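# here are the coordinates; sequence isn't available:
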């Protein structure tokens, strides 16, 4: 049965999942602040009990004068027999079509006998089922191919289902389409795609782009594609840049082709060719090539806000996290100078090219180091994860995916073997595709069905190809960032970088595989492999009622001329406008405080010990939060002590309430951490300090940079459980933010 209820009635939903009453809650589908739709299964023999309770609710009252079973029924607006649409849990429209399609079927329970019962019932209804399945604590997921009519007609098929989603359209399907059919798919996609904004750009620094492709040409300007060296032609002979162009515009094109909705392109596409053709023996400093490419894009369109995306890396391991000339140039480009604007640069972590080593997945990732220039402090470095597991290519019958959904991709690299003083890399992980192992475990391959669909560089042969690895992850991350740039025109590059990281979370499988405990050793292993996890555009863009996000963009002068030496100069104390009353009402309820501090350092590379006047960073910033028992003066004193300790490289005192703690989090130029405690304790943690520690601006007096100002972005959010407490509105009222009232 399907129930429509008032939103946010958690107690009501809990009562709907009652073994004693023969009720099983199959799915919950919130519809914003309008309503919540729930699907329940009622065991045989228990329907009369529910009918009796409804009759008592209508006609009987308790000693308090309330209707009986009020908590169960008060929020119900309607109760009806479920239709097949009731099982649909995606935000996209239900595929109400007469044609058969592939469904992702979520079976209620984890007993494999339920899976077998579903397959028997499906076969009887002439519904094809997939051979693979995923097993979770309370669900089994498999695939089925059939029409809406056939699924709905079989009571036994419907009885096994908890949720329905549309199966990810297989890149292998589009790869095998005829030219004529592929052209029809492309025409339909072009017709429902809205051209990008002209004031925001995603600039690919790659092998060039063959922009005459039917899926690229309608949405680009020929003048936005250039080469670093005039003697190079614009054409993409290697093919890599054109593959990234398809992802930059549409993401995974298989997903775009699978929908019928309008697609809004987030940013104009630019392409600067930074690699010559394969047979060209041209040599130049990678940093100089990258610098020239950035300048070309900005000279061509100086007023655009842009994201630079570079999926080109140097596959050697000499640097081991130390700055190289290339990574230092990227840090310099991101930081700009007094005359130049800051820049947001996204780079790939680089791939593990020894596919034979993938057989030991995930163990091989520990020794596969992030490639140059992924160690740059100011850039977003992107590793690979995957959610792909369905192998549909007939030539790979019996093969199994190497990585489980939510795990790191076999191709990715880590900073696990670097010295711990260097930044945590990668920063984030995005979809990079998966690989498969043959039944005997002797071979590893990358079937098309485990990769991403994109544009092929030679469209006269075929329009599509598949791609993956950290190049694809880097481009998807750049597209993600460009959506934030378009949405928030006033945000600095440091803020966009911070928002993307702030929105990331580790999947359960990442925690299980790389950081199974909360020990500092496990947490460092987790971030060195997975960065800060997989971002969410929804979390990055919106402040939900139970997840409140505050953003500050500010600057100060960290150092100044003292009587006899250069000294610390300024720090900032941010008063946090917590909804204290609401937090104290929650009392001992566990809550989270998430803080991200993002800024750009000016690099000073050179192998000179990396300490004192030879520090790599121009300055470093730190954050700390007042404890519930400290006075404001005590907090100031503790922050001053922490700054002095950092200046002499003294190890800071740790805090078990923070997930990373100050020892791990304060590496590089973006610092993020999560405090966990009671809501009552958080109510009194109402001040946050941002303060400087030493860098070469302070210690290298000959450069006369100690008077320079440093800017930073601070992102702070609190998250409470999904309880009936609104923490957004009280803060919005304090800050004078208009509250939208629906009439």
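In hand now; what should we look at? A quick note: this is a predicted structure, and the numbers were derived from the prediction, not measured.
# need the contact list for the residue nearest to residue 515 when sequence neighbours are not counted.
Excluding its sequence neighbours, the residue lying closest to residue 515 (CB to CB, 6 or more residues apart in numbering) is residue 526, at 3.0 Å. To be clear about C-beta, it is placed using only N, CA and C from the backbone, and glycine gets the same treatment. Neighbouring residues of residue 526 by CB atoms under 8 Å, 6 or more residues apart in numbering: 506, 510, 511, 514, 515.
# Tell me which of these fall in helices.
If you go by DSSP state H, those have 510, 511, 514 in helices.
# Out of those, which is nearest to residue 326?
residue 514 (28.0 Å; CB to CB).
# Next one: residue 330 from residue 372, what distance?
Using CB to CB, to the nearest Å, residue 330 is found at 10 Å from residue 372.
# which of the two has more neighbours?
residue 330 (30 against 26; other CB atoms under 10 Å).
# Pull out the buried members of the ones in helices among the contacts of residue 526.
510, 511, 514 (16 or more other CB atoms under 10 Å).
# how about low-confidence regions in the stretch 251-400 of the chain?
Scanning the stretch 251-400 of the chain for pLDDT under 70 picks out the ranges 279-284, 316-318, 338-339.
# ok, and for the host helix or strand of the residue nearest to residue 515, which residues are buried?
Here residue 526 sits within helix 520-530, counting by DSSP states H and E. By neighbour count on 16+ other CB under 10 Å, the buried set for helix 520-530 is 523, 524, 525, 526, 527, 528, 529, 530.
# model confidence over it, on average?
Average pLDDT, helix 520-530: 96.
# ok, which stretches of the stretch 301-450 of the chain are helices?
325-335 (DSSP state H, counting those that start in this stretch).
# Is the closest residue to residue 79 other than its chain neighbours bridged to anything, and to what?
Excluding its sequence neighbours, the residue lying closest to residue 79 (CB to CB, 6+ apart) is residue 3, at 5.5 Å. Residues in a beta bridge with residue 3, per DSSP bridges, are residue 38, residue 79.
# so what's residue 3 up against?
Residue 3 makes contact with 16, 37, 38, 39, 40, 76, 78, 79 under the criterion CB under 8 Å, 6+ apart.
# Between the two ends of stretch 712-727, how far is it?
One end of stretch 712-727 sits 26 Å from the other (CA to CA, to the nearest Å).
# again with stretch 714-733
21 Å.
# Tell me the buried residues in that stretch?
714-720, 725-728, 730-732.
# same deal with stretch 297-307?
Across stretch 297-307, burial judged by 16+ other CB under 10 Å covers 297, 298, 300, 301, 304, 305, 306, 307.
# Name the nearest residue to the fifth one, sequence neighbours excluded.
The shortest distance from residue 304 to any residue that is not its chain neighbour, by CB to CB, 6+ apart, is 4.6 Å, and that residue is residue 201.
# hang on, that neighbour packs against residue 308?
No - Residue 201 is beyond contact range of residue 308, at 9.2 Å (criterion: CB atoms under 8 Å).
# Now the common contact residues for those two.
The contact lists of residue 201 and residue 308 share residue 297, where a contact means CB under 8 Å, 6+ apart.
# More neighbours: which of these two?
residue 308 (28 against 25).
# Look up the residues forming beta bridges with the more buried one.
Under DSSP bridges, the beta-bridge partners of residue 308 are residue 203, residue 345.
# Use 131 as the first number for this chain going forward.
Will do, 131 is the new start, and the previous item becomes residue 438.
# what about it, distance to residue 611?
For residue 438 relative to residue 611 (CB to CB), the value is 10 Å.
# Quickly find the element holding residue 859.
Here residue 859 is assigned to helix 858-865, by DSSP H and E.
# Summarise which helices and strands that helix is packed against.
Contacts defined by 3 or more CB pairs under 8 Å, 6 or more residues apart in numbering; DSSP states H and E place helix 858-865 against strand 677-686.
# After the longest helix anywhere in the chain, which helix or strand is next? Please name it.
Criterion DSSP H: the longest helix present in the chain is helix 599-617. Sequence order places helix 623-632 as the next helix or strand after helix 599-617, per DSSP H and E.
# which residues touch that next one?
Outside helix 623-632, the residues that touch it by CB under 8 Å, 6+ apart are 437, 464, 472-474, 510, 557-558, 607, 610-611, 614-615, 618, 621, 662, 665, 669-670, 679, 681, 683, 724, 726-730, 800, 802, 841-845, 847.
# what angle do it and strand 677-686 make?
150 degrees (axes from the mean of the first three to the mean of the last three CA atoms, to 10 degrees).
# Now find how far off-centre helix 623-632 is within its chain.
11 Å (CA atoms, centre = their mean, to the nearest Å).
# What are the buried residues along it?
Within helix 623-632, judged by 16+ other CB under 10 Å, the buried ones are 623, 624, 625, 626, 627, 628, 629, 630, 631, 632.
# Measure how it sits relative to helix 455-465, angle-wise.
Using the same axes, to 10 degrees, helix 623-632 lies at 110 degrees relative to helix 455-465.
# tell me the angle helix 623-632 makes with helix 599-617.
Using the same axes, to 10 degrees: helix 623-632 against helix 599-617 is 120 degrees.
# can you tell me the average pLDDT over helix 623-632?
97.
# ditto for stretch 333-352
The model assigns stretch 333-352 a mean pLDDT of 96.
# buried stuff in it?
Per 16+ other CB under 10 Å, stretch 333-352 contains these buried residues: 333-341, 343, 345-346, 349-350.
# Serialize these to CSV and add fields for secondary structure.
Converted to CSV, these look like this (DSSP: H, G, I helix; E, B strand; the rest coil):
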residue, secondary structure
333, strand
334, strand
335, strand
336, strand
337, coil
338, coil
339, coil
340, coil
341, coil
343, coil
345, coil
346, coil
349, helix
350, coil
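# Distance to residue 252 for those residues - can I get that in JSON lines?
Shown next, in JSON lines, are the buried residues of stretch 333-352 (distance: CB to CB, whole Å):
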{"residue": "333", "distance to residue 252": "49"}
{"residue": "334", "distance to residue 252": "45"}
{"residue": "335", "distance to residue 252": "49"}
{"residue": "336", "distance to residue 252": "45"}
{"residue": "337", "distance to residue 252": "46"}
{"residue": "338", "distance to residue 252": "48"}
{"residue": "339", "distance to residue 252": "45"}
{"residue": "340", "distance to residue 252": "44"}
{"residue": "341", "distance to residue 252": "46"}
{"residue": "343", "distance to residue 252": "40"}
{"residue": "345", "distance to residue 252": "36"}
{"residue": "346", "distance to residue 252": "41"}
{"residue": "349", "distance to residue 252": "41"}
{"residue": "350", "distance to residue 252": "45"}
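# which of those residues lies closest to residue 552?
residue 335 (23.7 Å).
# quick one: contacts for the closest one?
Going by CB under 8 Å, 6+ apart, residue 335 touches 402, 404, 420, 423, 424, 438, 439, 440, 442.
# What number of residues are in the vicinity of the last one?
Residues within reach of residue 442, counting by other CB under 10 Å, total 23.
# and it, how far is that from residue 646?
35 Å.
# So residue 498 sits against residue 541, correct?
No - contact between residue 498 and residue 541 fails when scored by CB under 8 Å: they sit 9.0 Å apart.
# Now do the shared contacts for those two.
Joint contacts of residue 498 and residue 541 (CB under 8 Å, 6+ apart) are residue 482.
# Of those two, give the one with the bigger neighbour count.
For residue 498 versus residue 541, the count of surrounding residues by other CB under 10 Å is larger for residue 541: 31 against 23.
# Run through the residues that contact that one.
Counted by CB under 8 Å, 6+ apart, residue 541 has contacts 481, 482, 488, 514, 562, 563, 565, 598, 599, 600.
# who's the fourth one bridged to?
When bridges are assigned using DSSP bridges, the partners listed for residue 514 are residue 560.
# Now stretch 538-551: average pLDDT?
Here the average pLDDT along stretch 538-551 is 94.
# Between the two ends of that stretch, how far is it?
End-to-end distance (CA to CA), stretch 538-551: 24 Å.
# ditto for stretch 343-358
22 Å.
# Identify all contacting residues around that stretch.
313, 316, 319-320, 323, 325-326, 331, 338-341, 363-364, 372, 375-376, 379-380, 383, 395, 398-404, 419, 422-423, 426-427, 430-431, 585-586, 589, 593.
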